[in-house]
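Visitor: Provide a 3D model corresponding to the input given below.
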Amino acid sequence: MRYRTPEDDDVDRIDAKEAVRRTKEYLSSLFADEDIGNLGLEELDYDDARGLWSVTIGFVRVWKRLNTSNQQTERELVSRIMGDHTSRYDGHPRTYKAVTISDDGKVLSIKNRDIPDVA
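Guide: Below is the predicted model of the structure:
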């Protein structure tokens with residue numbers, strides 16, 4: 001376990017907005033070939049003693065929403081043609097990732113995060 005030292009005070013620390021921005025950017029890049037969408041902040045926490053951000057981001061994976069024959073519904077096709085990319089994710093299960101980021105903005109870990117569905 002890493003704890004902050006007085007020398008850590010000299011390090012340029014990122015703020016909450018920057019931690020979230022970097023997390024979204026990192027996950028978008030990491031999962032680019034999976035066509036993820038609807039990225040959104042779910043949880044944010046800062047551990048001052050350890051100098052770590054914990055950022056949970058939710059998103060939808062397109063491959064999770066396709067049926068067994070990999071055919072798109074009529075609504076999804078119309079949405080894509082008309083340029084409405086958000087509705088193609090409506091009603092599909094979200095994936096959650098808990099990302100740990102250091103004070104200086106480095107991604108240290110990515111873990112699955114189970115968040116129960118709210119009915």
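
Visitor: so who does I110 touch?
Guide: Applying Cβ atoms under 8 Å, 6 or more residues apart in numbering, we find I110 in contact with 27, 30, 97-100. Backbone N, C-alpha and C define where each C-beta goes, glycine included.

Visitor: mind putting those in a markdown table, pLDDT and secondary structure included?
Guide: As requested, those are exported to a markdown table (pLDDT from 0 to 100; DSSP: H, G, I helix; E, B strand; the rest coil):
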| residue | pLDDT | secondary structure |
| --- | --- | --- |
| L27 | 96 | helix |
| L30 | 95 | helix |
| K97 | 96 | strand |
| A98 | 97 | strand |
| V99 | 98 | strand |
| T100 | 98 | strand |
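
Visitor: among those residues, which ones are buried?
Guide: Applying 16 or more other Cβ atoms under 10 Å to these, the neighbour count classes 27, 97-100 as buried.

Visitor: could the contacts of I110 go into CSV alongside distance to K111?
Guide: Shown next, in CSV, are the contacts of I110 (distance: Cβ to Cβ, whole Å):
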residue, distance to K111
L27, 12
L30, 13
K97, 7
A98, 5
V99, 8
T100, 8
